[in-house]
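Participant: Below are the sequence and a predicted model; questions follow.
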Amino acid sequence: MVEQRTQSFTIGLNGSVADVTPLFGPVREAEWAPGWSPRFIHPAQALQREGAVFTTTSADGKDRLWLLTTYDPGNGRVEYVVMAPPFTANEIKIRVVPDSEQHSKATITYRRSALAPEGNDEVAKLDAHWAEQQRIHWETAINEALAKGGIHD
């Protein structure tokens, strides 16, 4: 039997929806995520737009194929499908909403599905402890990037 699990966390960000949403795109994520280095397939040049396809290699050496399915910074929406064959398929949905004039909140939802029984261990890692670790890391790293300035589209 193969498993599926969904986990969400919400972070508070020191910037407007327009300022923070692009930081969740495949190009701008490098501003806050050490080691983030996507290799773009379509388009060949690094662009943040729906339909972008790229690969990454995780810390454990596994290749992942990413598809940016939604990129709507005006409405605070970024969504990905991430394939890590032959073990898991993942959905990542990010929703950014205003919290005050220059602050926002982002809710990040992961859905991880095992493609084979061997993928169940990866699915099991998506628990409340994982979500809390991610929440702390994302909130701290993104707010540090925002504090450094240099925000651009």
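Facilitator: Sure, I can see it.

Participant: What are the boundaries of the strands in this protein?
Facilitator: 4-13, 39-42, 53-57, 63-72, 77-84, 88-100, 103-114 (DSSP state E).

Participant: Wait, residue 86 touches residue 116, no?
Facilitator: Yes: shown here, residue 86 and residue 116 form a contact pair, counting by CB atoms under 8 Å, at 5.9 Å. Glycine gets a C-beta too; all of them are placed from N, C-alpha and C.

Participant: Residue 74 is in contact with residue 18, correct?
Facilitator: Yes: counting by CB under 8 Å, residue 74 is a contact partner of residue 18 at 7.3 Å.

Participant: in stretch 117-132, what counts as buried?
Facilitator: In terms of neighbour count (16 or more other CB atoms under 10 Å), stretch 117-132 has its buried residues at 119-120, 122-123, 126, 131.

Participant: now stretch 68-83
Facilitator: For stretch 68-83, using 16+ other CB under 10 Å, the buried residues are 68, 71, 73, 76-80, 82-83.

Participant: pLDDT score for the closest residue to residue 35 other than its chain neighbours?
Facilitator: Leaving aside its chain neighbours, residue 35 sits nearest to residue 59 (7.5 Å; criterion: CB to CB, 6 or more residues apart in numbering). Here the pLDDT value assigned to residue 59 is 82.
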